[in-house]
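>>> sharing a sequence plus its predicted fold:
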Amino acid sequence: LMAMPGLALGAVCVGIATVVLIPRGQLGFCLALMAIFAANAVVILVRRIPLRAKTRVIALNFYFIGVLALYLGGPDGESGIFFTVSVLLSSLFVSFPSAAAYLLFDLAPGIGFGALHAADLIGWDSLRNFPFTSWVLQAADIFLIDLILAIATYVLIQGVGATFRSLKEAEAWLRVSLDEKETLIRELYHRTKNNMQVVSSLLALHAPELGSEEAKAVFKDVNAKIVAMSMVHEKLYESRDLSNINLADYIRDLVALLAKSYGASPERVAFDLELEDMRILIDTAIPCGLVVSEIVANSLKHAFPGGRRGRIAIELKGEADDTVELRISDDGIGMPPGFDPALHGKMGMKTLFQVSAHQLQGSIELRSSGGAAYVVRFRRSLYDERVRIDG
C-alpha cells in the first residue's frame, strides 16, 4: 500500500514520456522504459523478494534509465542522472569494492558512447564537433566526482555500521544481564515460597503437641496466613510477569486450599465465585490474600456450626476509578447481637481491619444480616511497579 502512490506516479511519468517520444520516432526507447518500470513494479510488489535484492534491482533499473537518457540526449542526458544514481548505488553497499565496481558503470557508458559517436555509428546534430577526448574527459570527471562521494558515503556507512554494532552489543549485554536478574528474582521467589512451606510444615508438625484446642486453632490460623503469602510467591515464580499476579486465579487457589485445610467438603460448604480477571502487584496481593484467608477461615470455622450446610460467595470486580471491590459473604448464623469487631473481635479479626486500613489503604464494611458479609475496597495502583520484565 505504501508503494502504490510511487508506482502510480511512475506510471503517469511513463505515460507522458510515451506521448512525447513516440511522435519523435523513439518507440524503442519507450518500450525499454515501460519494461524497466514493469520490472520495478514487480520487484516492489512481490513480498517474497528480500529488501536488499529489491534495492539492488531498482538501483540498476534506474541506472539503465540513465543509459537510455544518455543515448537519447547525449551528454545532456547524462548530466545529473548518473551523478545521482552512482551515489545511490554506492550507498546500497557497505563493501567499498562493490561501490567502486558500480561507479565503473559510469565510466564505461561515457567512453563507449564517445567511441560510437566518433565512429559515426551514433550521433547528435548538436554534437558534431564534440570530439572523443571530450567524451573521455567528461566521463572521467563524473567518475572522479562520484568516487569522492562514494568514499564519503562509505565512511559514513562504516561509522553508522559501527554505531549500530556497538548498540547491538550493548543490547545483547543488557539482555544477558536482564535474563540473569530474572533468574535471580525467580530463585528468590522460589526460595521464599520453600522457606514459608517449611515454616508451615513445622507448625503443622507441632500443632498436635498442643493441649489446648484454642492453641491448635491459633496454629491453624497462622498456618493459613503463611500459606496465603507463600502462594503469592509461587504464583510469581510461575508467571512471566515478576511483579503482578492474576488476583482471580490466586483467590480461586487460595479458597480451594482453605476449604481443604478446614475440612469443608463441597457437599457441606459450597463456594460461589464471581471473579473478574485483573492483575495486581505483589505489594497488594499479599495483604489481599491475608484478608481473604481471614474472612473465609472465619466463615468456615463459625458460620456453619454442628455440620450445618451453607454457601460462601466471593465477588471481585474492578471499577472505573481504579478501585477494586471484594465482597465475601456467607449464609451462616451471622454475628452475635451488638458484636463490634474492634472491641469484641479476636486477634485475627483485628488484624483483618488493620491490614485493610493500613496495608491496602482501603476500607472494610461488616454486615450481619442473614449471615456475615464483608465489603473491602482498595485501589489497584496502590504501589509502583518495581520489577518489570519485557518479553
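Nice, thanks for sending it over.
>>> hey, let's count contacts and neighbours off CA atoms from now on
Noted.
>>> mind listing what's buried along stretch 275-290?
Neighbour-count burial for stretch 275-290 flags 275, 278-290 (criterion: 16 or more other CA atoms under 10 Å).
>>> what does stretch 173-188 give?
Residues of stretch 173-188 classed as buried by neighbour count (16+ other CA under 10 Å): Glu182, Ile185, Arg186.
>>> circling back to that earlier point, taking the buried residues of stretch 275-290 together, which two end up most distant?
Leu275 and Asp283 (19.9 Å; CA to CA).
>>> let me have the buried residues of stretch 275-290 in a markdown table, extended by secondary structure and pLDDT.
Below are those laid out as a markdown table (DSSP: H, G, I helix; E, B strand; the rest coil; pLDDT from 0 to 100):
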| residue | secondary structure | pLDDT |
| --- | --- | --- |
| Leu275 | strand | 92 |
| Met278 | coil | 90 |
| Arg279 | strand | 87 |
| Ile280 | strand | 85 |
| Leu281 | strand | 86 |
| Ile282 | helix | 81 |
| Asp283 | helix | 83 |
| Thr284 | helix | 87 |
| Ala285 | helix | 86 |
| Ile286 | helix | 85 |
| Pro287 | helix | 87 |
| Cys288 | helix | 89 |
| Gly289 | helix | 87 |
| Leu290 | helix | 87 |
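>>> kindly indicate which of those residues lies nearest Phe113.
Nearest to Phe113 among these: Arg279, at 73.4 Å, using CA to CA.
>>> where does pLDDT dip in the stretch 101-250 of the chain?
By pLDDT under 70, the low-scoring segments of the stretch 101-250 of the chain are 106, 123-128, 149, 153, 157, 160-161, 211.
>>> which residues in it form helices?
Taking DSSP state H, counting those that start in this stretch as the test, the helices found in the stretch 101-250 of the chain are 132-206, 213-238, 247-261.
>>> please work out which of those is packed deepest.
Neighbour counts (mean count of other CA atoms under 10 Å) averaged over each of the helices of the stretch 101-250 of the chain peak at helix 213-238, with a mean of 19.
>>> from the contact counts, what lies against that helix?
Where contact means 3 or more CA pairs under 8 Å, 6 or more residues apart in numbering; DSSP states H and E, helix 213-238 is packed against helix 132-206, strand 244-246, helix 247-261, helix 282-298.
>>> quick one: secondary structure of Met335?
coil (DSSP: H, G, I helix; E, B strand; the rest coil).
>>> what's the mean pLDDT across the helix or strand where Leu60 lies?
Of the helices and strands defined by DSSP states H and E, Leu60 is found in helix 51-73. Mean pLDDT, computed over helix 51-73, is 69.
>>> same deal with stretch 372-387?
Stretch 372-387 comes out at a mean pLDDT of 79.
>>> run through the bridge partners of Ile328.
With DSSP bridges as the criterion, Ile328 is bridged to Ile314, Tyr374.
>>> from memory it sits against Tyr374, does it?
Yes: using CA atoms under 8 Å, Ile328 is in contact with Tyr374, at 5.2 Å.
>>> ok, the two, which is more surrounded?
Legend: neighbour count by other CA atoms under 10 Å for Ile328 and Tyr374, higher for Ile328 (21 against 18).
>>> any idea how far Ala139 is from the residue located most distally from the centre of the chain?
Distance from the C-alpha centroid of the chain peaks at Asn129, with 66.8 Å (CA atoms, centre = their mean). Counting by CA to CA, to the nearest Å, the separation of Asn129 from Ala139 is 17 Å.
>>> can you check Leu203 too?
As judged by CA to CA, Leu203 and Ala139 stand 93 Å apart.
>>> Glu171 too?
As judged by CA to CA, Glu171 and Ala139 stand 46 Å apart.
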